[in-house]
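**Student:** Here's a sequence, model it:
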Amino acid sequence: MNPKTAYKIYKALSDEKTRGRIITISIALFFFIFIPIAYFVENNPVALGIKAIKNIGGSVGDINVKSVKANFSEEQFFKNVSVGAMEGYKNSGVFASITLAQAKLESGTGSSGLTTRANNLFGIKAYNWAGKTTSMMTNEQVQGIVITISAPFRAYDNWEESIQDHTSFLTDNKRYAQYGVFTAKTYSEQAQALQNAGYATDVNYSRLLVTIIKQYNLDKYDIK
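**Tutor:** Have a look, this model is predicted:
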């Protein structure tokens, strides 16, 4: 440092008023700049979203991939999924209507990018998963904010595997039992239990499932 500059700094710091101003400015910078930055780094929506999703052990997201046109009707879609859905209802207590509604909602009636690429009907992520995976962009709601992240999703050889794994995913994760998914007496109660357990980040998830079930009379498949 230039000696003249160093002397000027020393002389300025020797002045009590100057020292007071410097201290005041330093405190202001600390509270109004450094603390907010530190808080955001620790609590930013992306980090919180990824952490929350991993803690759930799977969860789903709004897949941010262009869908393709399905080459089958909604009736054919439900027929294809219903066999596995009804079997899952007998074995686990997950209403067939819930499985069918989730499959339609999450896969876009079998036309979503994730379904066509990886046969994943339910948007289940690949956290705590040793099988095949595929990475996709997904939209998540975190603290009321929609964020887009790249996440790994489970991949299957066919739809039957996806349906079976959907049942296993729910029964193997204690979280869903704790929130009453398997003690629900109606599909409406089960839909709400799934939302409460964090299956999806969409705050309207339960309502969407119930709407689909009523629209297509999917409760007719709830036969043990």
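**Student:** Can you identify the element that follows the helix or strand of the chain with the lowest mean pLDDT toward the C-terminus?
**Tutor:** Scoring the helices and strands of the chain by mean pLDDT, DSSP states H and E places strand 62-63 at the bottom, with a mean of 42. Next along the chain after strand 62-63, taking DSSP states H and E as the criterion, comes helix 74-92.
**Student:** what comes up buried for that next one?
**Tutor:** Applying a neighbour-count criterion of 16 or more other CB atoms under 10 Å, one finds 77-78, 80-82, 84-89, 92 buried in helix 74-92. Heads up, the C-betas are built off the backbone N, CA and C, glycines and all.
**Student:** Quote the end-to-end distance of stretch 119-135.
**Tutor:** 13 Å (CA to CA, to the nearest Å).
**Student:** Likewise for stretch 104-123?
**Tutor:** 11 Å.
**Student:** what about Asp202, which SS state?
**Tutor:** Under DSSP: H, G, I helix; E, B strand; the rest coil, Asp202 falls in the coil class.
**Student:** Tell me, how many residues neighbour it?
**Tutor:** When neighbours are counted by other CB atoms under 10 Å, Asp202 registers 18.
**Student:** I'd say it and Leu208 touch.
**Tutor:** Yes - Asp202 is within contact range of Leu208, at 7.2 Å (criterion: CB atoms under 8 Å).
**Student:** Show me the shaky parts of this protein.
**Tutor:** 1-23, 25-26, 28-71, 140-144 (pLDDT under 70).
**Student:** Tell me where it has helices.
**Tutor:** 3-14, 16-29, 35-43, 45-56, 74-92, 96-107, 113-118, 159-172, 174-178, 187-197, 205-215 (DSSP state H).
**Student:** tilt between the longest one and helix 205-215?
**Tutor:** Just to be clear, that refers to helix 74-92. 120 degrees (axes from the mean of the first three to the mean of the last three CA atoms, to 10 degrees).
**Student:** Run through who's touching helix 74-92.
**Tutor:** Here helix 74-92 makes contact (CB atoms under 8 Å, 6 or more residues apart in numbering) with 70, 72, 94-97, 99-100, 103-104, 109-110, 121, 159-160, 163-164, 166-167, 170-171, 182, 216, 218, 221-224.
**Student:** Run the angle between that helix and helix 96-107 for me.
**Tutor:** 130 degrees.
**Student:** which residues does the closest residue to Lys104 other than its chain neighbours contact?
**Tutor:** Spatially, and ignoring its direct neighbours in sequence, Lys104 is nearest to Ile212 (5.8 Å; CB to CB, 6 or more residues apart in numbering). Residues near Ile212 by CB under 8 Å, 6+ apart: 100-101, 104-105, 218.
**Student:** export the residues you listed to JSON lines and tack on distance to Trp129?
**Tutor:** Listed next are the contacts of Ile212 as JSON lines, based on distance: CB to CB, whole Å:
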{"residue": "Leu100", "distance to Trp129": "23"}
{"residue": "Ala101", "distance to Trp129": "23"}
{"residue": "Lys104", "distance to Trp129": "23"}
{"residue": "Leu105", "distance to Trp129": "21"}
{"residue": "Leu218", "distance to Trp129": "28"}
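**Student:** For those residues, which entry has the maximal number of neighbours?
**Tutor:** Leu100 (28 neighbours).
**Student:** Alright, calling it a day.
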